[in-house]
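Chemist: sequence? don't have it. structure:
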């Protein structure tokens, strides 16, 4: 009995080892297959889009993309650099669009005097864009396209 | 007492042993030494190594500066502490040095020797710098950034819009809009523009 278990254990262990090695080759890590002892080839850091041209929104509730550079803009307990331009009192000088009224609402829908704490950290929802190609193809269709497609298919019927 | 009175009398008395020429020359040479020595000390305290030789500066503001565009950029031009904090005109330089002596006081009596204490004092320190740069129309910034040679067409629209209006007509100066370009900002509640 004892003998038998030993016989099975050895091939089983070998199989696990082999499978493990194969898996290790296929697992995508942040190092991207570069051996531990080597430095990975670095790709260029893409430029941040800084055109100030507001981009299209894909659906009405989308947080708009940031059309400008935000390097060095502190948003922490002491200061919110974004609000130095986007606050209600600041837009006359900065010529920036004011944070919309939803930013003043608490979760019960009450309007506060200042922006709501849940909208304080702007970069949670708003992001800058860089001049790179999409990592994967984007198949998103907005409402207009969907409606149009349906109109066309109904016509065909 | 007797002794000092004698020296005092000697200084006041016309020289017997030395000629006018030798005395003038002596004074002249001594003058060069003093002046040179003074300026050498001044120059030595005018380097970044000196500024960050005390850990209060090295652990706080210097670390923050390292992450900014004034430390590393595509052009390879570095702004060091004295570039932004010490005026180039001689009289103003002496004035700033005298004020800095008070900051050395802060070091000796340990008012800012921890990150917490430094941050607590930061608003006050920052306000001194804002007031100084406001008063001299951001002179130190302009030593490197010359308004006359700014190419607005090469700037981002946000920048050129502000630079060609409030800055151009002298209503505002660099520090009014560019606070915190080199270090973390202190608590900004109540500061104009925030």
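Modeler: Okay, I see it. Given the structure is predicted, the values throughout are model-derived calculations rather than measurements.
Chemist: phi and psi next, for residue B:136.
Modeler: When read as degrees, to the nearest 10, the backbone of residue B:136 gives phi -100, psi 20.
Chemist: ok, residue A:48 next?
Modeler: In terms of degrees, to the nearest 10, the main-chain angles of residue A:48 are phi -80, psi 130.
Chemist: what residues are up against it?
Modeler: By Cβ atoms under 8 Å, 6 or more residues apart in numbering or on different chains, the residues touching residue A:48 are A:69-71, A:128-130. Just so you know, the C-beta spots here come from the backbone N, C-alpha and C atoms, and that holds for glycine as well.
Chemist: most widely separated two among these?
Modeler: Across the contacts of residue A:48, no pair lies farther apart than A:71 and A:129, at 14.0 Å, counting by Cβ to Cβ.
Chemist: got a list of what the closest residue to residue B:57 other than its chain neighbours touches?
Modeler: Of all residues not flanking residue B:57 in the chain, residue B:51 sits nearest, at 5.5 Å (Cβ to Cβ, 6 or more residues apart in numbering or on different chains). By Cβ under 8 Å, 6+ apart, the contact set of residue B:51 is B:57, B:62, B:80-82, B:85.
Chemist: if we can go back for a sec, could you dump the contacts of residue A:48 to CSV with pLDDT, secondary structure and distance to residue A:78?
Modeler: Converted to CSV, the contacts of residue A:48 look like this (pLDDT from 0 to 100; DSSP: H, G, I helix; E, B strand; the rest coil; distance: Cβ to Cβ, whole Å):
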residue, pLDDT, secondary structure, distance to residue A:78
A:69, 94, coil, 22
A:70, 95, coil, 17
A:71, 91, coil, 18
A:128, 95, strand, 22
A:129, 93, coil, 28
A:130, 92, strand, 28
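Chemist: of those residues, keep whichever come out buried.
Modeler: A:69-70 (16 or more other Cβ atoms under 10 Å in any protein chain shown).
Chemist: residue A:107: what secondary structure?
Modeler: For residue A:107, the assignment made with DSSP: H, G, I helix; E, B strand; the rest coil gives coil.
Chemist: mind checking how far it is from chain B?
Modeler: With distances taken as Cβ to the nearest Cβ, to the nearest Å, residue A:107 is found 25 Å from chain B.
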